[in-house]
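**Student:** just coords:
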């Protein structure tokens, strides 16, 4: 019987990131990022490990659970299919958010993390009504609210 091939070290890094998310261990997640890392999604555009760590602390304070599959990882880049499920704290609405996470690596750490999802579907699930309609279509509204929610975590 042949052994399964060893996973690339960056695939292991990505697994550690999402396993830590499910454990709500923001510090373990932060250790996966390069000090000069950049994170971008439908609400955030964060620069540096400090801001990214604050975001994960905020997210881990909730009831998030993620299912994920590392589709690809090599020395330069990686791709993970993720479905986050959580309660959106502003509305207490249940959210199921399919995400494509793309990564760039430097020195064995995540240097670039870009999450892509459908902002209209996310806002309809998380917020609903006219506010959700607007938030789904206007990035500024999502970013402004996300930055306000992140501020206390940046001040820790």
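**Tutor:** Received, thanks. None of these values were measured; they are calculated from a predicted model.

**Student:** The residue most central in space within the chain: which element?
**Tutor:** Centroid check for the chain by Cα atoms, centre = their mean gives residue 115 as the closest residue, at 6.4 Å. Using DSSP states H and E, residue 115 maps to strand 109-116.

**Student:** Which positions in that strand come out as buried?
**Tutor:** 109, 110, 111, 112, 113, 115 (16 or more other Cβ atoms under 10 Å). All C-beta atoms are positioned from the backbone trio N, CA, C, and that covers glycine.

**Student:** same question, stretch 57-72
**Tutor:** In stretch 57-72, counting by 16+ other Cβ under 10 Å, buried: 57, 58, 59, 60, 64, 66, 68, 70.

**Student:** What is the neighbour count of residue 14?
**Tutor:** Residue 14: 27 surrounding residues under other Cβ atoms under 10 Å.

**Student:** Take the buried residues of stretch 57-72 and keep only those in strands.
**Tutor:** Taking DSSP state E, the ones among the buried residues of stretch 57-72 that sit in strands are 66, 68, 70.

**Student:** Now flag whichever of the residues you listed is closest to residue 154.
**Tutor:** residue 66 (23.2 Å; Cβ to Cβ).

**Student:** Low-confidence regions, the chain specifically.
**Tutor:** Applying pLDDT under 70 to the chain flags residues 1-5.

**Student:** Swap in 90 and give it another go.
**Tutor:** Within the chain, the stretches with pLDDT under 90 are 1-7, 156.

**Student:** From the contact counts, what lies against the longest strand seen in it?
**Tutor:** For the chain, the longest strand by residue count, based on DSSP E, is strand 93-106. Counting contacts by 3 or more Cβ pairs under 8 Å, 6 or more residues apart in numbering; DSSP states H and E, strand 93-106 packs against helix 9-22, strand 77-88, strand 109-116, helix 119-126.

**Student:** How many residues are close by residue 33?
**Tutor:** With other Cβ under 10 Å as criterion, residue 33 counts 22.

**Student:** In contact with it, which residues?
**Tutor:** 49, 52, 53, 109, 110, 111, 113 (Cβ atoms under 8 Å, 6 or more residues apart in numbering).
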